[in-house]
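# build me a model from this:
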Amino acid sequence: MNLTNSTIEIMKKRQSVRTFDNQYITETHYKKIREYIFTEENLVGPFGNKGKLELIQVTNNVSDKGIKLGTYGFIKNPQGYLVGVTENSKYKLVEFAYVFQKLVLFLTELGLGTCWMGGTFNRNSFEQEIQLGEGEFIPCITPFGYPNQKQRVFDKALRYVVKADNKKPWEKLFYDSNFEASLPKEKAGLFEIPIEMVRLGPSASNKQPWRLVLSTDRKVCHFYIEHTPNYSSKLGYDMQLLDMGIAMCQFELACKELNIEGGWIVENPNLRHSNMQTEYLVSWNTL
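This next block holds a predicted model:
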């Protein structure tokens, strides 16, 4: 991802936008978006799987094909949608979200507003617009446009309901060597900022399901997911796996900016934990 500004500052700045200005997207910005989603390296996840991204331009929520795209009143005045396509399996969902969050940050740098949407859009309407292969589905979309500076009452109420501005503290999310000791910020060493970027990342209903354990030697960071029971059962896929892909993206991009070299591995450290909803996912291994 070729961001020119500080990626860390972009991650701090970005928040969900649901009300957009009526201003049309400039051709310069459309060109940059198309170039981004047609560049193969931008579509590849941390384990090498390639995702699919589709751009839909709309006028009054109606596409060029004449299809009315539904978001149940959550979104106002979008100028377009970016739609992601993948298969319904654990690590493909994680990788997809990693790729999609990179795209969201790219749009943020362009000055465009976005909003991750998983359960609050009409999938049938978007499936009519996108060519799906066998086994593929649309896990999420984002509307985009220039943010309306006057945030509508609905947006403010929704942020309050989902506690969007209320992030859990470090001691609830991050651990030192095992699940018995919380990780103080001042003991995270080189990883203080990458871990903080995970904490600040978006998640479905702001559940923040990530649980990180930093190894004693400070060279490995283990990523666990704490599932919310029955949270996305009606959707037919685990939406919180998307949250973990977002967390991995935030962490890795911060590491790159800080010149912390490393890579992702799947090697379960088998750390004991008492919460039956907690599951190991992946680890960042410092080189």
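# which stretches of the stretch 151-287 of the chain form strands?
Defined through DSSP state E, counting those that start in this stretch, the strands belonging to the stretch 151-287 of the chain, from first to last, are 174-176, 210-214, 220-226, 262-265, 278-286.
# which of these sits closest to Gly51?
With C-beta to C-beta, the closest approach to Gly51 among the strands of the stretch 151-287 of the chain belongs to strand 262-265: 15.8 Å. Heads up, the C-betas are built off the backbone N, CA and C, glycines and all.
# ok so, going back, I'd like the strands of the stretch 151-287 of the chain as JSON lines, with distance to Arg18 and mean neighbour count appended.
Shown next, in JSON lines, are the strands of the stretch 151-287 of the chain (distance: least, C-beta to C-beta, whole Å; neighbours: other C-beta atoms under 10 Å):
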{"stretch": "strand 174-176", "distance to Arg18": "30", "mean neighbour count": "21"}
{"stretch": "strand 210-214", "distance to Arg18": "24", "mean neighbour count": "23"}
{"stretch": "strand 220-226", "distance to Arg18": "26", "mean neighbour count": "21"}
{"stretch": "strand 262-265", "distance to Arg18": "32", "mean neighbour count": "16"}
{"stretch": "strand 278-286", "distance to Arg18": "29", "mean neighbour count": "19"}
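# okay, those strands in a markdown table with mean pLDDT and distance to Lys12 next?
Compiled in a markdown table, these are given as follows (pLDDT from 0 to 100; distance: least, C-beta to C-beta, whole Å):
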| stretch | mean pLDDT | distance to Lys12 |
| --- | --- | --- |
| strand 174-176 | 98 | 18 |
| strand 210-214 | 98 | 17 |
| strand 220-226 | 98 | 20 |
| strand 262-265 | 98 | 22 |
| strand 278-286 | 97 | 20 |
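# the longest helix in this structure is where?
Longest helix in the chain by number of residues, with DSSP state H as the criterion: helix 90-109.
# helix/strand/coil for Ile10?
At Ile10, secondary structure determined by DSSP: H, G, I helix; E, B strand; the rest coil is helix.
# kind regards, and thank you for your time.
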